[in-house]
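**Student:** Generate a structure from the sequence data that follows.
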Amino acid sequence: MTTQATSKRTSEGLSKGTPKGAWQITFLLFLFMVVNFADKIVVGLAGVPIKKEMGLTQEQFGDLGSSFFLLFSISAIVVGFIVNRVATRWVLLILAVIWSLAQFPMVGTVSFTTLVICRIILGAGEGPAFSVAAHAIYKWFPDEKRTLPTAILSQGSAFGVILAVPALNWIIVNHSWHHAFGALGIVGLIWAVAWFALGKEGPLVSTSAVAADEPRIPYWKLLTSRTFIGCVVATFGAYWALSLGLTWFTSFIIEGLGFSQHQAGFVSILPWIFGATIVLLTGWISQLMLTRGFTTRGARGVLGSVPLIFGGAILAMLPYAPPGGIMIALLVIGSGLCGSIYVVCPPMLGEFTPVSQRGAIIAIYGALYTISGILAPMVMGNVIQHAATPMAGYMSGFTINAAIMAGSGLLGLLLLWPNSERARLTGTSQPAGTIKGAMSPT
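**Tutor:** Numbers count the residues shown, from 1 in each chain. You can find the predicted model right below:
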């Protein structure tokens, strides 16, 4: 079958209307991501009482934060390939059950070793979450209608923190951090029951229909392409900031700035509110630029990487700011700007990756950049542990974060050229209209 015929077949497979029940599935998967990020934030939110009760050093707490990501990347890659053959409905159910069961050991008296093991298991279950959920949603929406449901899915992370932090912090303040873990386990099981009853596999499974005769690009070419490398490097820096926010932000507010646990709970949602705003603005501006004739180099590559450079510059000002509101504002704005890169990288990868290979490529991309989730909390803990004062340690840690963000943004700016990547990989000219047609995240 010719490339033109394949393209026609793919287009026909994706031009159907949105099936009934698609938005119900989208809402369920939005809640899936809400639970996902609530699970991530709980250790950071309860960091101070956990350290006090268990007698942990700053270095040990950093290792605890890093342990969540130990199997995160490996699991994302493995499951990314599995969902090419196994129905996403059952994979999502298994992931949710793993999350839930991993929380319950913390309800009672728990050792540091048990806590670490449970976080490792939780990370293995949550590593593939976004890529599998996105793959599931794309079976419900034709290509030209995927942008909005993808945006809703991605906002589950921000809302997971915004909604969960006040509730979990109330439990921590009025009961204990042990009960916060138990509450998350119960919520996870409730979602699993709802998904078992209402979750379905989408009918628009175009990938398997065209996989046999779609031109393929060797994986080594895709993984060594400059845009793939640029996406990994740029998002690595962004995820460094996100990982510190998940693990260390609340501890910094309490130990560094002197806020109470109750006050810190409200302050801790500010980066996520700002970050959600940046994500939505980036998506809107990118779409607007594309409709006005910009190439995806500008509307995605430049738009996603430049905010990282500015964010790093803002974070670099932290040591020179007075403790208090100004310091919080710099931290919120500087780290929040990194959200831009998450919006643009999956669509850029989708521009040049064959449909039958996109799921695996996006999963590998996610697995590589989340390696920073292992490193960032550990580095911060080590720096604080060996600093003259905790505040000096936090400032050094955030300065490292600033350098990594700015550097990754600069490399992204140099490497992200999605509009010409497919032509370079295949040795052919870019078909007319391809750029403007590649509008939906994948």
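**Student:** quick one: buried residues of the longest helix along the chain?
**Tutor:** For the chain, the longest helix by residue count, based on DSSP state H, is helix 147-174. Of the residues in helix 147-174, those buried under the neighbour-count criterion (16 or more other Cβ atoms under 10 Å) are 147, 149-150, 152-165, 168-169, 171-173. Heads up, the C-betas are built off the backbone N, CA and C, glycines and all.
**Student:** Kindly report the same for stretch 83-90.
**Tutor:** Along stretch 83-90, the positions that meet the burial threshold by neighbour count (16+ other Cβ under 10 Å) are 83, 87-89.
**Student:** circling back: list the helices and strands the longest helix of the chain packs on?
**Tutor:** With contacts defined as 3 or more Cβ pairs under 8 Å, 6 or more residues apart in numbering; DSSP states H and E, the packing partners of helix 147-174 are helix 22-45, helix 129-137, helix 177-198, helix 261-267, helix 270-291, helix 340-352.
**Student:** Centre of the chain to that helix, how far?
**Tutor:** 13 Å (Cα atoms, centre = their mean, to the nearest Å).
**Student:** Could you check the angle it makes with helix 270-291?
**Tutor:** Calculated by axes from the mean of the first three to the mean of the last three Cα atoms, to 10 degrees, helix 147-174 forms an angle of 180 degrees with helix 270-291.
**Student:** Helix 147-174 versus helix 340-352: what angle between them?
**Tutor:** Interaxial angle, helix 147-174 versus helix 340-352 (the same axes, to 10 degrees): 150 degrees.
**Student:** pLDDT on helix 147-174, on average?
**Tutor:** Averaged across helix 147-174, the pLDDT comes to 82.
**Student:** sorry, back to before: quick one: which of the helices and strands packed on helix 147-174 is nearest Ala76?
**Tutor:** Each of the helices and strands packed on helix 147-174 has some distance to Ala76 by Cβ to Cβ; the shortest is helix 129-137, at 6.4 Å.
**Student:** Dump the closest one to PDB, restricted to CA.
**Tutor:** Backbone C-alpha positions of helix 129-137 (Å, rounded to 0.1, in the frame of the first residue of the first chain) are rendered in PDB as follows:
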ATOM      1  CA  ALA A 129      -0.200   6.600  34.200                       C
ATOM      2  CA  PHE A 130      -0.300   9.600  31.900                       C
ATOM      3  CA  SER A 131       0.800   7.800  28.700                       C
ATOM      4  CA  VAL A 132      -1.700   5.000  29.200                       C
ATOM      5  CA  ALA A 133      -4.500   7.400  30.000                       C
ATOM      6  CA  ALA A 134      -3.700   9.500  26.900                       C
ATOM      7  CA  HIS A 135      -3.600   6.300  24.800                       C
ATOM      8  CA  ALA A 136      -7.000   5.400  26.200                       C
ATOM      9  CA  ILE A 137      -8.500   8.800  25.400                       C
END
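**Student:** Next, format the buried residues of stretch 83-90 as a markdown table and append secondary structure and distance to Pro218.
**Tutor:** Written out in a markdown table, the entries for the buried residues of stretch 83-90 read as follows (DSSP: H, G, I helix; E, B strand; the rest coil; distance: Cβ to Cβ, whole Å):
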| residue | secondary structure | distance to Pro218 |
| --- | --- | --- |
| Val83 | coil | 21 |
| Ala87 | coil | 28 |
| Thr88 | helix | 26 |
| Arg89 | helix | 31 |
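**Student:** Kindly indicate which of those lies nearest Pro346.
**Tutor:** Compare each of the buried residues of stretch 83-90 with Pro346 using Cβ to Cβ and the shortest gap goes to Val83, at 15.5 Å.
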